[in-house]
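Peer 1: fold the following for me, if possible:
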Amino acid sequence: MAAIIKIKQLQNQWETQDPFLFCAFHHDSYPKGNGNLGPQASLAGRNLGQDFIQKDGWAMYHGSKIPGFPAHPHVGFETVTIAQQGFVDHSDSLGAAGRFGNGDVQWMTAGKGVQHSEMFPLLNTEDKNSLLLFQIWLNLPAKSKGVAPYFGMMWHENIPVINLKDKHNNNISITLIAGTFKNQRALDPAPDSWAANLENGINIWLITLDAEATFTLPKGKKGANRSLYFYEGNELISEEFTIPVMHEIQADATQELRLINTNIPASLLLLEGMPIKEHVVKHGPFVGNSRSDIENAFRNFQETEFGGWPWPSPEHTHDAKMKRFALYPNGKKEDPSELEV
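Peer 2: Now for the predicted structure:
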């Protein structure tokens, strides 16, 4: 029986299947930094505050001096932010903050409401600053939409990576952000996440294949939705389809899926899990189960600002000399270089 259900070209924001809401993909080749965390390049001709056109291979997004996304609210879902290349400066209304990148993952539950900013500091003043980032929006069931917000970090030193070889000695690498593979479990997700219950079968993997490598994606749970996002490489061959880069493969999770790479290394993101199967109403960064949920979220934000913004600027960034760190709402500070791996 064929595993592939649909193949479709990827747009700027990647469509996803329940329980995921969507995935933002950022791949920017920023110029060298100007010493103040912004680009050493003219910003003339850019629609600052709303710059998404990828002029010269990069965008400022909603940033005015430093690229990124200044303070904005979220309600009713989670963000899983994978910073494969480059760095993110996080600040939020809980008082939490951090700088993460080069393989680190941030898992944030918005729940009943939180404000946060995500700026992209250009730390390298000698050479280009590359950014490769996924932000996955994972829904929460109705019973969890009102939970307290949560901020957590997964440092790349601690994220499980499984390295395999195919029968021709080609390398395959699986990075487990969530889920299990070959009896290896990912780090724990946020406590109120749909992913926290293993019965929900949430798998978030980064898969890399050497040129000419062959990999068989194992069977998943019956009823799970499975999507593979082919974002780097040239072409994959599967079930007699030739699949170009920047395409999504929707597949039957109860079937194995054999992927044959072609002439250059390939990279894919797997999003898989049991659907929540609840009505979804979205308005920008607010997600609910009904229109009244959204109205209540707007009213709550207007009245409380979800605790207010404790930082000097909506585009708050951290000192250029700071290395990766996390500051948690309870005041605990974490330096990944000091953690046991």
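Peer 1: mind checking the SS state of Asn300?
Peer 2: Using DSSP: H, G, I helix; E, B strand; the rest coil, the structure places Asn300 in helix.
Peer 1: wait, doesn't it sit right on Gly113?
Peer 2: Yes: shown here, Asn300 and Gly113 form a contact pair, counting by CB atoms under 8 Å, at 6.0 Å. (Each C-beta comes from the backbone N, C-alpha and C, glycine too.)
Peer 1: what about those two, which has more around it?
Peer 2: Residue environment comparison for Asn300 versus Gly113 gives the larger neighbour count to Gly113, 23 against 16, counting by other CB atoms under 10 Å.
Peer 1: leaving out chain neighbours, which residue sits closest to that one?
Peer 2: Phe306 (4.1 Å; CB to CB, 6 or more residues apart in numbering).
Peer 1: got a list of what the spatially most central residue of the chain touches?
Peer 2: For the chain, the residue whose C-alpha lies nearest the mean C-alpha position (CA atoms, centre = their mean) is Gln135; its distance is 2.7 Å. Shown here is Gln135, whose contacts under the criterion CB atoms under 8 Å, 6 or more residues apart in numbering are 23-24, 26, 79-82, 118.
Peer 1: can you list phi and psi of it for me?
Peer 2: Torsion angles at Gln135 (phi, psi; degrees, to the nearest 10) stand at phi -120, psi 110.
Peer 1: show me what it is bridged to.
Peer 2: On the basis of DSSP bridges, Gln135 takes part in beta bridges with Ala24, Thr81.
Peer 1: helix, strand or coil for Lys323?
Peer 2: Taking three-state DSSP, the label given to Lys323 is coil.
Peer 1: could you check how far it is from Pro244?
Peer 2: In this view, Lys323 and Pro244 are 39 Å apart by CB to CB, to the nearest Å.
Peer 1: returning to what we had before: just the buried residues from the contacts of Gln135, in ChimeraX please.
Peer 2: Command for ChimeraX that selects the buried part of the contacts of Gln135, burial taken from 16 or more other CB atoms under 10 Å:
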select :23,26,79,80,81,82,118
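Peer 1: with distance to Leu269 added, can I get the contacts of Gln135 in JSON lines?
Peer 2: Rendered in JSON lines, the data for these read as follows (distance: CB to CB, whole Å):
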{"residue": "Cys23", "distance to Leu269": "7"}
{"residue": "Ala24", "distance to Leu269": "12"}
{"residue": "His26", "distance to Leu269": "13"}
{"residue": "Thr79", "distance to Leu269": "15"}
{"residue": "Val80", "distance to Leu269": "11"}
{"residue": "Thr81", "distance to Leu269": "13"}
{"residue": "Ile82", "distance to Leu269": "8"}
{"residue": "Glu118", "distance to Leu269": "19"}
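Peer 1: out of the contacts of Gln135, which one sits closest to Gly146?
Peer 2: Minimum distance to Gly146 across the contacts of Gln135 is 17.2 Å, recorded for Thr79 (CB to CB).
Peer 1: tally of neighbours for the residue lying closest to the closest one once chain neighbours are set aside?
Peer 2: Nearest residue to Thr79, sequence neighbours excluded (CB to CB, 6+ apart): Met108, at 4.9 Å. Residues contacting Met108 under the criterion other CB under 10 Å number 25.
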